[in-house]
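K.L.:
Predicted model follows, preceded by the sequence.
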Number of protein chains: 2
Amino acid sequence: MTDGDYSYEGLDRLLHERARLSILTALSSEAAGRSFSELRSLCGLTDGNLSRHLKVLEEAKLLKAKRTGSGRGSNTHLTLSAHGRRAFMSYLTELERVLRDARATRGNVGESDLPSTA
Amino acid sequence: MTDGDYSYEGLDRLLHERARLSILTALSSEAAGRSFSELRSLCGLTDGNLSRHLKVLEEAKLLKAKRTGSGRGSNTHLTLSAHGRRAFMSYLTELERVLRDARATRGNVGESDLPSTA
């Protein structure tokens, strides 16, 4: 057991925030990227919220936005940048470490404390 | 593909916040619980930060705090409550879903976009 064993410095708040994690996962799972309206539905976010988080991610150069069409038919197409994909993969590796650590319980947990398997 | 597929409602902000996730993981991995000073080292948090997050988690009845000793030798011993353990297990299940979804990429990602395996 060492100092900072559970500090998870790799869980960068930029990627860890729930809405942004949701956006990054939706983008990561589709190499061709996704449209703004598709992301909005998939992530269950409002226009305003999605815009705000996309701006943060774009400014951090984690994703690329490309406007398509014009007027009412216009949309924005979002893809992860190469840097964004690498940063996200590195974040996921840290997340896997959390899961491993959390599942590795030392000592006995009382029966009643165990989650029901029903 | 359905609306909200990537919304991850189960990532409760109460548990998802990095410092609290760190605390919960450190507690979850040791059935006997841990002392305040042990948690402080393991999670790499300051006294103030750790106190603040423990208060939030205790008020949500996710953990139990028990003061031991007195004066300079006093310490607080923290354990997950049965409710806290269940809530954390349920959170971890949602986290596993994020990892599964994020790793399941549809379509080809350019070679240069793949994380180096070196």
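P.N.:
Cool, the structure landed.

K.L.:
alpha carbons only for contacts and neighbour counts from here, please
P.N.:
Fine.

K.L.:
How about the contacts made by A:Glu17?
P.N.:
Going by C-alpha atoms under 8 Å, 6 or more residues apart in numbering or on different chains, A:Glu17 touches B:Glu17.

K.L.:
ok, residues contacting stretch A:44-54?
P.N.:
Under C-alpha under 8 Å, 6+ apart, the answer for stretch A:44-54 is A:19-20, A:40, B:3-4, B:6-7.

K.L.:
now swap in stretch A:20-31 and tell me
P.N.:
A:14-15, A:33-34, A:39, A:42-43, A:53-54, A:57, A:78-80, A:85, A:88, B:6-8, B:98, B:101-109.

K.L.:
Which members of the contacts of stretch A:44-54 define the maximum pairwise distance?
P.N.:
A:Arg20 and B:Asp3 (16.6 Å; C-alpha to C-alpha).

K.L.:
ok, those two, which is more surrounded?
P.N.:
A:Arg20 (20 against 13; other C-alpha atoms under 10 Å in any protein chain shown).

K.L.:
Tell me which helix or strand comes right after the one helix or strand that one maps to.
P.N.:
Using DSSP states H and E, A:Arg20 sits within helix A:18-28. Going down the chain from helix A:18-28, the next helix or strand is strand A:34-35, by DSSP H and E.

K.L.:
The next helix or strand after that following strand vs helix A:18-28, what angle?
P.N.:
Using DSSP H and E, the next helix or strand after strand A:34-35 towards the C-terminus is helix A:36-43. Going by axes from the mean of the first three to the mean of the last three C-alpha atoms, to 10 degrees, helix A:36-43 is angled at 120 degrees with respect to helix A:18-28.

K.L.:
burial of the nearest residue to A:Ser35 once chain neighbours are set aside, as a residue count?
P.N.:
Sequence neighbours aside, A:His77 is the residue nearest to A:Ser35 in space, at 4.3 Å (criterion: C-alpha to C-alpha, 6 or more residues apart in numbering or on different chains). Using other C-alpha under 10 Å, A:His77 is surrounded by 18 other residues.

K.L.:
and A:His77, what is it in contact with?
P.N.:
Residues near A:His77 by C-alpha under 8 Å, 6+ apart: A:33-36, A:65-68.

K.L.:
give me the element A:Lys66 is part of.
P.N.:
A:Lys66 is part of strand A:63-68, with elements assigned from DSSP H and E.

K.L.:
Now do that strand against helix A:18-28, angle only.
P.N.:
Using the same axes, to 10 degrees: strand A:63-68 against helix A:18-28 is 70 degrees.

K.L.:
low-scoring pLDDT stretches of chain A, where are they?
P.N.:
A:1, A:108-118 (pLDDT under 70).

K.L.:
try it again with 50
P.N.:
A:111-113, A:116-118 (pLDDT under 50).

K.L.:
Tell me which residues of the longest helix seen in it come out buried.
P.N.:
Longest helix in chain A by number of residues (criterion: DSSP state H): helix A:82-103. By neighbour count on 16 or more other C-alpha atoms under 10 Å in any protein chain shown, the buried set for helix A:82-103 is A:82-89, A:91-92, A:94-95, A:98, A:101-102.

K.L.:
The nearest residue to A:Ser74 once chain neighbours are set aside: what's it in contact with?
P.N.:
Nearest residue to A:Ser74, sequence neighbours excluded (C-alpha to C-alpha, 6+ apart): A:Thr68, at 5.6 Å. With contact set as C-alpha under 8 Å, 6+ apart, A:Thr68 has these partners: A:74-77.

K.L.:
cutoff 6 Å now
P.N.:
Residues near A:Thr68 by C-alpha atoms under 6 Å, 6 or more residues apart in numbering or on different chains: A:74-76.
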